[in-house]
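Chemist: Let's see this in three dimensions:
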Amino acid sequence: PGPVADRCARALEELPGLAHAWDLVIADSAFNASDLRAAGFGEVEVVPLLLPHMPRPPATPRGEGVLFVGRVSPSKGVDDLVKAFGLLRTLHRPSATLDIVGSTAGWERHAAGLEVLVERIGCGGVTFHGAVSDAERDALYARAGVVCLLSHHEGFCAPLVEAMRAGAPVVARDVGAMAETLGGGGIVVPDGDPRLAAEALAAVLGDAALR
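Modeler: Numbering: from 1, shown residues only. Below is the predicted model of the structure:
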């Protein structure tokens with residue numbers, strides 16, 4: 001809720017008014033294309049986001065680190081991830097860590113609430129990095145034990161592709177275009193229940209074949 005949600009709702013209401021007289025309409029996922037067709041845009045071509053090619057990083061020990069990359073906003077489900085991580089650390093992996101990487105701009109109060117949540121859970125091991133350089137981000141991908149994204153909505157989700165490009169295992173919530181973007185290259189959990197996500201994280205960290 002709030003001004004961003006209000007603007008999104010207004011944009012959806014106005015979208016059909018833009019749906020005529022286009023020669024070419026492109027969406028970055030079949031999920032987004034279906035929304036455009038429903039708004040009256042007719043034929044829509046799907047062209048996934050094109051990310052820069054990078055050589056696969058050298059094999060390095062990945063350890064027990066859980067990594068989130070993305071905007072730190074309510075829609076990204078970081079609160080569910082923090083709860084899942086607390087369960088993971090309490091029940092399975094007491095030495096696990098959680099790195100939360102991404103800008104909090106516009107969502108400073110939400111980010112502050114997440115830090116309070118971490119303190120209340122009392123599990124330790126959580127680091128808020130804020131926005132980082134591409135090189136820092138890629139270094140975190142290269143050593144992450146698992147990348148976990150529990151967003152409530154994604155029309156594509158570029159960090160999934162970045163994680164796969166780095167050879168990192170992925171656990172993600174099965175919403176929007178998440179499963180489509182992964183294309184079988186990760187584990188999707190059917191809802192954001194932190195207990196289920198914690199078990200998926202434990203399975204990945206504890207099973208080399210699964211990774």
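
Chemist: for this protein, which spans come out with low pLDDT?
Modeler: Along the chain, segments meeting pLDDT under 70 span 1, 57, 59.

Chemist: Which stretches in it count as strands?
Modeler: 26-27, 45-46, 65-69, 97-101, 126-130, 146-149, 170-173, 187-189 (DSSP state E).

Chemist: Point out the most buried one among these.
Modeler: For the strands of the chain, ranked by mean neighbour count under the definition mean count of other CB atoms under 10 Å, the leader is strand 146-149 at a mean of 27. Placement of C-beta: from N, CA and C, glycine included.

Chemist: so how far is that one from its chain's centroid?
Modeler: Strand 146-149 has its C-alpha centroid displaced from the chain centroid by 7 Å (CA atoms, centre = their mean, to the nearest Å).

Chemist: Can you give the contact residues for that strand?
Modeler: 65-70, 76-77, 81, 84, 141, 157, 159-160, 163, 168-173, 178, 197, 201, 204-205, 211 (CB atoms under 8 Å, 6 or more residues apart in numbering).

Chemist: which stretches of the protein form helices?
Modeler: 3-14, 30-38, 78-91, 108-121, 134-143, 158-165, 178-182, 194-206 (DSSP state H).

Chemist: And the third one, what's buried?
Modeler: Of the residues in helix 78-91, those with enough neighbours to count as buried (16 or more other CB atoms under 10 Å) are 78, 79, 80, 81, 82, 83, 84, 85, 86, 87, 88, 89.

Chemist: and residue 72, what does it touch?
Modeler: Here residue 72 is in contact with 78, 100, 102, 103, 104, 107, 110, 111, 114, 128 (CB under 8 Å, 6+ apart).

Chemist: filter these to the buried ones?
Modeler: Using 16+ other CB under 10 Å as the burial test, the contacts of residue 72 include 78, 100, 102, 104, 107, 110, 111, 114, 128 as buried.

Chemist: Format those as TSV; extra columns: distance to residue 45.
Modeler: What follows is those, written out as TSV (distance: CB to CB, whole Å):
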residue	distance to residue 45
78	33
100	35
102	30
104	35
107	33
110	35
111	37
114	38
128	39
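
Chemist: if I look at the residue nearest in space to the middle of the chain, how far off is residue 177?
Modeler: With distances taken as CA atoms, centre = their mean, the residue of the chain nearest its centroid is residue 149 (3.2 Å). To residue 177, residue 149 is 12 Å away according to CB to CB, to the nearest Å.
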